[in-house]
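Student: Any chance you could fold what I've pasted below:
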Amino acid sequence: MVNKIQRSKRKYLRFKVHNYSIILKSAFDDAVADLLNISAGGCAMKGVTIPLELHEKVLLIIPLAGEAEMEIGAHVIQLADTRVSVKFTEIDDASRQKLILYFARLQRESCDVNQKTG
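Tutor: The predicted structure follows:
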């Protein structure tokens, strides 16, 4: 019997995020959303308070503590119940790297706090 190895279709490492709000702007309205996870290629959110369509273009404004907020162009790739997933379409390599380093540090700090309290 041969077990097939299933490869992930994900291209980037994904970071889980808790209690992190971002601003989402569509062509007609603005909303606040709670980030669920983020990678160099996109993110998933919940609690988006405006209706969105599949493939709709949006602008994400992501606050980075101690740094300037980051604006990223994206389009909606998945709508499921209260969850919205987007793929980044307008982000340069330097911003992509900054985003990854920021959320990697947040995740590492979160793990350190959990280990000390656990």
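
Student: Does anything pack onto the least confident helix or strand in the chain by mean pLDDT? Which helices or strands?
Tutor: Ranking every helix and strand in the chain by mean pLDDT, DSSP states H and E puts helix 93-117 at the bottom, with a mean of 82. Applying 3 or more C-beta pairs under 8 Å, 6 or more residues apart in numbering; DSSP states H and E, one finds that helix 93-117 contacts strand 15-16, strand 70-80. From N, CA and C alone the C-beta is placed, and that goes for glycine too.

Student: how about a cut-off of 7 Å?
Tutor: Applying 3 or more C-beta pairs under 7 Å, 6 or more residues apart in numbering; DSSP states H and E, we find helix 93-117 packed against strand 15-16.

Student: what about the helix or strand following the strand it packs on, distance to the chain center?
Tutor: Next along the chain after strand 15-16, taking DSSP states H and E as the criterion, comes strand 21-25. Relative to its chain's centre, strand 21-25 lies at 10 Å (C-alpha atoms, centre = their mean, to the nearest Å).

Student: just the CA coordinates of strand 21-25, formatted as CSV?
Tutor: Extracted C-alpha coordinates of strand 21-25, given in CSV (Å, rounded to 0.1, in the frame of the first residue of the first chain):
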residue,chain,number,x,y,z
SER,A,21,-8.8,44.5,14.1
ILE,A,22,-8.1,46.0,10.6
ILE,A,23,-10.0,48.4,8.3
LEU,A,24,-11.4,47.1,5.1
LYS,A,25,-12.5,49.5,2.3
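
Student: Cool, thanks, talk later.
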